[in-house]
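Trainee: For reference, the sequence and a predicted model appear below.
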Amino acid sequence: MTKRSSGVLMHITSLPGEFGIGTFGKSAYDFVDFLEETKQTYWQILPLTTTSYGDSPYQSFSAVAGNLNLIDFTLLKEEGLLEESDYSNVNFGENPEKIDYALLFEVRRPILEKAVANTAKYSNVLAEIEKFEKDNSSWLADYAEYMAIKESFGYQSFIHWDEDIKKGEKAAREKYRTELQDSIRYYTVTQYFFFKQWLALKEYANGKGVKIIGDMPIYVSADSVEMWTMPELFKVDENNEPLYVAGCPADDFSPTGQLWGNPIYDWAKHKEQGFSWWIYRVQESFKIYDVLRIDHFKGFSDFWQIDKDAENAVNGTWEAGPGIELFQKIKEQLGDLPIIAENLGFIDAKAEKLLDDSGYPGMKILQFAFPGDDNLDRPHHYTQNSVAYTGTHDNDVVNGWYEKLSESEQELVSEYLNRRDDETITEAMIRGIYSSVSDYAIVTMQDLLDKDATSRMNVPSTVGGNWEWRMLAEDLTEERKEFLRNITVRYSRERA
């Protein structure tokens, strides 16, 4: 990673545009231009994987497959795979600042089906698809089958499928491959669309000197192709259903803890296999990202294990994770990689040692520095090998957070940051991280735009109403660009 640099956290879905959700189209390229113009080095995004119930990018049907909502229709039109009339009169949502996921689920599919059908017109496109299938044979066929079969069972998780296909019996899989050819083809070709558009966007960003920080969730979903095809890697019962689920104990975000519901890894089995699946997963990630943020790094030292029938995450047990051995294996196979460790939550001495041993930069969240007594999240305690944030997708935006503080707490924040009379609290907080000793500083787009609490991306441990925020094109004013460019140069974080 480049030393003394900065960037912006903004997920693709939050970009402005005409299709009800941010896509890989013109707005994404415009965003890269904005990052170049303001001398940023990084564009940090959330996981690009396909989303499931609750619309969370951290609950995916696949650890590799991409989110079809991000495919841009205009780009497909430019390739001759769609006509503008195929989508120009479609209602993708009434509110340009909120994503209506249920509506998109209904209206995007028929349009994408037309594009898939139109690939038959072009021999060069068919050749590209065939190559894409070969290059991604390690995951693509299983994913496409899983989604097609899931759809045939009313989108239910595989644990509710008929017993023979639930267990992945060879004869059953062959039967479904024959019966569901069209659906399997749809899920195959749309992945081709996704990766072609994303890699073109990434190439454009890299050409402008902008690097992509991607995000890898530690866990996979219980409703995922990995659970169906490789249940031996998880703690499951004789029906391949999870015995335990993941989460975290009570914290500042939730008094009853966070019950994520993801299956727990059988780390002994992963170790027995030389952590080959993890090496593969990291390798796949670096095909599409320049830097990788690994979510819930604490879970690799030890993790909170909860009974599958628990109503909340209060009662669980701390279990040992794989520790530094996993990352040593990754380094042996893949070399030194630019990885950021999301070391938030209950960080004890064991977790701190794992971070130190790994050598990865950890995260510092300025919101966590207040209120309370002096703590390590205050910038005067930061170390160079760290990434400073105003907040993350799980935090409230700065304005929402600040408004919840008492008057005396607000005075403490302003005093510590030496806030000027003409300075908004978001500007003071951004100055706090940009002026810090941390090698890397990342500001959320909401904070850069001085947005209020309605723009919050996610409230942990809640389902529904999250991941919906979108910016408007007019939000990004010349004044906001000038502020970011000036503060970047002032604190020597400009792109080389």
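Mentor: On my side now, so go ahead.

Trainee: which residues of the stretch 251-400 of the chain fall in strands?
Mentor: Here the stretch 251-400 of the chain has its strands, by DSSP state E, counting those that start in this stretch, at 258-263, 291-294, 302-307, 317-320, 339-341, 362-365, 386-389.

Trainee: Out of the ones you listed, indicate the one that is most buried.
Mentor: strand 386-389 (a mean of 25; mean count of other CB atoms under 10 Å). Where C-beta positions appear, they are placed from N, C-alpha and C, glycine not excepted.

Trainee: and that strand, which strands flank it?
Mentor: Here strand 386-389 is paired, per DSSP bridges, with strand 362-365 (parallel), strand 440-444 (parallel).

Trainee: what about Arg470, distance to Leu15?
Mentor: 7 Å (CB to CB, to the nearest Å).

Trainee: who touches Tyr440 in this structure?
Mentor: Neighbour list for Tyr440: Met1, Ser5, Ser6, Gly7, Tyr42, Ile340, Pro361, Ser386, Val387, Ala388 [criterion: CB atoms under 8 Å, 6 or more residues apart in numbering].

Trainee: Going by neighbour count, list what's buried in the helix or strand where Leu201 lies.
Mentor: Leu201 is part of helix 181-207, with elements assigned from DSSP states H and E. By neighbour count on 16 or more other CB atoms under 10 Å, the buried set for helix 181-207 is 183-198, 201-202, 205.

Trainee: how much distance is there from whichever strand or helix holds Tyr402 to the middle of the chain?
Mentor: Taking DSSP H and E as the definition, Tyr402 sits inside helix 398-403. Its chain's average C-alpha position is 23 Å from that of helix 398-403, according to CA atoms, centre = their mean, to the nearest Å.

Trainee: same question, stretch 480-496
Mentor: From the chain centre to the centre of stretch 480-496 is a distance of 26 Å (CA atoms, centre = their mean).

Trainee: sorry, back to before: just put the strands paired with strand 386-389 in CSV and tack on distance to Lys134.
Mentor: Shown next, in CSV, are the strands paired with strand 386-389 (distance: least, CB to CB, whole Å):
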stretch, distance to Lys134
strand 362-365, 38
strand 440-444, 37
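
Trainee: residue ranges with poor pLDDT in the stretch 151-300 of the chain?
Mentor: 252-253 (pLDDT under 70).

Trainee: ok, back up a step: nearest to Ile213, out of the strands of the stretch 251-400 of the chain?
Mentor: strand 291-294 (4.4 Å; CB to CB).

Trainee: I'd guessed Ala63 sits against Ser224; true?
Mentor: Yes. In this structure, Ala63 is within contact of Ser224 by CB atoms under 8 Å, at 7.2 Å.

Trainee: neighbour count winner among those two?
Mentor: Ser224 (27 against 22; other CB atoms under 10 Å).

Trainee: From Asp266, how far out is the more buried one?
Mentor: Taking CB to CB, one finds Ser224 at 15 Å from Asp266.

Trainee: hang on, the earlier thing: which among the strands paired with strand 386-389 is found nearest to Tyr416?
Mentor: For Tyr416, the closest of the strands paired with strand 386-389 is strand 362-365, at 14.5 Å, according to CB to CB.

Trainee: chain center to that closest one: distance?
Mentor: With CA atoms, centre = their mean as the basis, strand 362-365 stands 17 Å off its chain's centre.

Trainee: With stretch 406-419 instead?
Mentor: 32 Å.

Trainee: which outside residues touch it?
Mentor: Ala369, Phe370, Pro371, Arg378, Tyr402, Leu405, Ile425, Ala428, Met429, Arg431, Gly432.
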